[in-house]
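A.B. asks: Give me a 3D structure for the following:
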Amino acid sequence: MSWTRVFVLSLLPALLLLHLFSGAVESKAVKDHSKPRNHKGAARQVFLPESDASSFIKRRSRRSTRYYEIQVEQRVKIAASEQRREYNEEQRDEYEHYVKEERDEQNERSRETNEQYREYHYDGLSPQYYWFH
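C.D. replies: Here you go, the predicted structure:
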């Protein structure tokens, strides 16, 4: 029984506040078009007078980039591309070295295998130096 009293007592101030502030709310779900609005006052708040607008634009005009700033940016880009080129060249050289080593090892293994095969299957009829060039 006591929880219902607490619930009702907490709802009463909320309902009172909603009732008091319901008249002050302007953004309702259904707008009231009975009152004419002052659109000129809103336009006056949004737009500046011409003299203020021109001085604002003069003060806030976009600053053109200086020549030295362009040169600095170009130097940074060139340095980055140079680093990228050196890195790619180094990676390519490492890969070429790796491929060369692998190819040499494979050739050595196949040569040894062929020599062993020829020695094992040599029949003694043809001269041996023909077998090993």
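A.B. asks: any idea of the pLDDT on Leu20?
C.D. replies: Model confidence at Leu20, given as pLDDT, is 78.
A.B. asks: Count the neighbours of it for me.
C.D. replies: Neighbour count of Leu20, defined by other CB atoms under 10 Å: 9. To be clear about C-beta, it is placed using only N, CA and C from the backbone, and glycine gets the same treatment.
A.B. asks: longest helix in the protein, by residue count?
C.D. replies: In the chain, taking DSSP state H as the definition, the longest helix is helix 67-121.
A.B. asks: Show me what that helix is packed up against.
C.D. replies: With contacts defined as 3 or more CB pairs under 8 Å, 6 or more residues apart in numbering; DSSP states H and E, helix 67-121 has no helix or strand neighbours.
A.B. asks: Let me see the mean pLDDT of that helix.
C.D. replies: 93.
A.B. asks: Can I get stretch 93-105 in CSV, CA atoms only?
C.D. replies: Output in CSV follows, covering the C-alpha atoms of stretch 93-105 (Å, rounded to 0.1, in the frame of the first residue of the first chain):
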residue,chain,number,x,y,z
ASP,A,93,67.1,-5.6,-54.6
GLU,A,94,66.5,-7.9,-51.6
TYR,A,95,64.0,-10.0,-53.6
GLU,A,96,66.3,-10.2,-56.6
HIS,A,97,69.1,-11.4,-54.3
TYR,A,98,66.8,-14.0,-52.7
VAL,A,99,65.7,-15.3,-56.1
LYS,A,100,69.2,-15.5,-57.3
GLU,A,101,70.3,-17.5,-54.2
GLU,A,102,67.3,-19.8,-54.6
ARG,A,103,68.0,-20.4,-58.3
ASP,A,104,71.7,-21.2,-57.6
GLU,A,105,70.8,-23.6,-54.8
